[in-house]
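[1] Have a look; sequence and predicted model below, questions after that.
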Amino acid sequence: MSYNLLKGKRGIIFGALNEQSIAWKVAELAVEEGATITLSNTPVAVRMGEISALSDKLNCEVIPADATSVEDLEVVFQRSMEILGGKIDFVLHSIGMSPNVRKKNTYDNLDYNMLGKTLDISAISFHKMLQVAKKMNAIADYGSVVALSYIAAQRTFFGYNDMADAKSLLESICRSFGYIYGREHNVRINTISQSPTMTTAGSGVKGMDKLMDFSNRMSPLGNADADECANYCITMFSDLTRKVTMQTLFHDGGFSSMGMSLRAMVQYEKSFEEYCDENGNIIYG
Ligand SMILES: NC(=O)c1ccc[n+]([C@@H]2O[C@H](COP(=O)([O-])OP(=O)(O)OC[C@H]3O[C@@H](n4cnc5c(N)ncnc54)[C@H](O)[C@@H]3O)[C@@H](O)[C@H]2O)c1
């Protein structure tokens, strides 16, 4: 059911790779809610990926861009304003990649060139996007920019590696730029800290299936999926949230406020039983 929440609005969606991508779901819902959009992803992703199927379905253009390139980003904003016929009302940054994670380099054995790339792609690209947009005056008053984050920005999670540092930086950029862009143009900037979600980027995280199971058991409402994340993004792009800015907004079924759930505690106890010897002594835990 459509609520026409984005009727007449113009948006740019970065990061739709395939049907699992969170950005893919956001693009579909944005159009359903009345927006006109452009899509952007890396030239390689555009060539090799399934994004043309999405652009055909939604009748929107794809503008290839490496989000670490200021020149590419300038083209995305310029072309989008031309195609959509005016300033941009909303932007989704749904971009993340760690070469260290890909190469299975552990956090105490990082390759620093790769760390630089992780930060550039997953966090500094957000600053570049905002700086380009602001210099071009490309975002309309009360426009809304959202980037996707993860709770590893605040707490340590096994296997999340240097992406945790990238997410911390991403959330910091959201606050720092949110102040300036809000003060000067009423543009709001937020991050949505999403539950673990089985996507191409998500499946790169070590032990992803177990992490998803754990957070699902720990969250009173269970994990939020990609469709639910899209719903939240749309409300953040809509006029219903005009005074929300500079926030890390947790969209995680309550996980971020939990300490210990009954379900998780029972499961944890069971794991010890499995490792007791016949005298009840714990032999492994
Ligand atoms: N999947 C999860 O568990 C989860 C949880 C919380 C937050 N997030 C975040 O959500 C966002 C979207 O990820 P996803 O889970 O939909 O996975 P995804 O793999 O579908 O999306 C990641 C996207 O980043 C793009 N990308 C990589 N390098 C780029 C570059 N240099 N320039 C432009 N684009 C580039 C990829 O092509 C891809 O489209 C990421 O920021 C991710 O960290 C994901």
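    All right, it came through fine. As the structure is a computational prediction, the values presented were derived from the model and not from experiment.

[2] which non-adjacent residue is nearest L221?
    G253 (3.6 Å; C-beta to C-beta, 6 or more residues apart in numbering). Where you see a C-beta, it was placed from the backbone N, CA and C, and this is true even at glycine.

[3] Also V132?
    Nearest non-adjacent residue to V132 (C-beta to C-beta, 6+ apart): L73, at 4.4 Å.

[4] what ranges do the strands span in this structure?
    Ranges of strands in the chain, per DSSP state E, are 10-14, 36-41, 62-64, 88-93, 139-149, 188-194, 248-251.

[5] Give me the contact list for the shortest one.
    What that stands for is strand 62-64. Under the criterion C-beta atoms under 8 Å, 6 or more residues apart in numbering, residues 38-43, 46, 51-52, 55, 72, 75-76, 79-80 lie in contact with strand 62-64.

[6] between these, which is closest to L29?
    Checking these against L29 by C-beta to C-beta gives L39 as the nearest, at 13.6 Å.

[7] shouldn't A138 be in contact with K87?
    Yes: between A138 and K87 a contact is recorded at 6.1 Å, counting by C-beta atoms under 8 Å.

[8] so what sits against both of those two?
    Residues touching both A138 and K87 (C-beta under 8 Å, 6+ apart) are M81.

[9] Those two: which is more packed in?
    A138 (21 against 17; other C-beta atoms under 10 Å).

[10] give the contact list for that one.
    When contacts are counted by C-beta under 8 Å, 6+ apart, A138 touches 77-78, 80-81, 87-88, 132.

[11] same question, T38
    For T38, the contact set (C-beta under 8 Å, 6+ apart) comprises 11-13, 60-63, 76, 79-80, 83-84.

[12] Who wins on neighbours among these?
    Counting neighbours by other C-beta under 10 Å, I13 leads the contacts of T38 with 30 neighbours.

[13] Which strand residues bridge that residue?
    When bridges are called by DSSP bridges, I13 pairs up with L39, L92.

[14] between the strands of the chain, which gets nearest to Y107?
    Y107 lies closest to strand 139-149 among these, at 18.4 Å (C-beta to C-beta).

[15] What residues of the closest one count as buried?
    Residues 139-140, 143-149 are the ones in strand 139-149 that count as buried (16 or more other C-beta atoms under 10 Å).

[16] and what of stretch 161-177?
    By neighbour count on 16+ other C-beta under 10 Å, the buried set for stretch 161-177 is 161-171, 173-174, 177.

[17] For these, give me a markdown table that also has distance to I124.
    Converted to a markdown table, those look like this (distance: C-beta to C-beta, whole Å):
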| residue | distance to I124 |
| --- | --- |
| N161 | 17 |
| D162 | 13 |
| M163 | 14 |
| A164 | 16 |
| D165 | 12 |
| A166 | 9 |
| K167 | 13 |
| S168 | 13 |
| L169 | 7 |
| L170 | 9 |
| E171 | 13 |
| I173 | 8 |
| C174 | 13 |
| F177 | 12 |
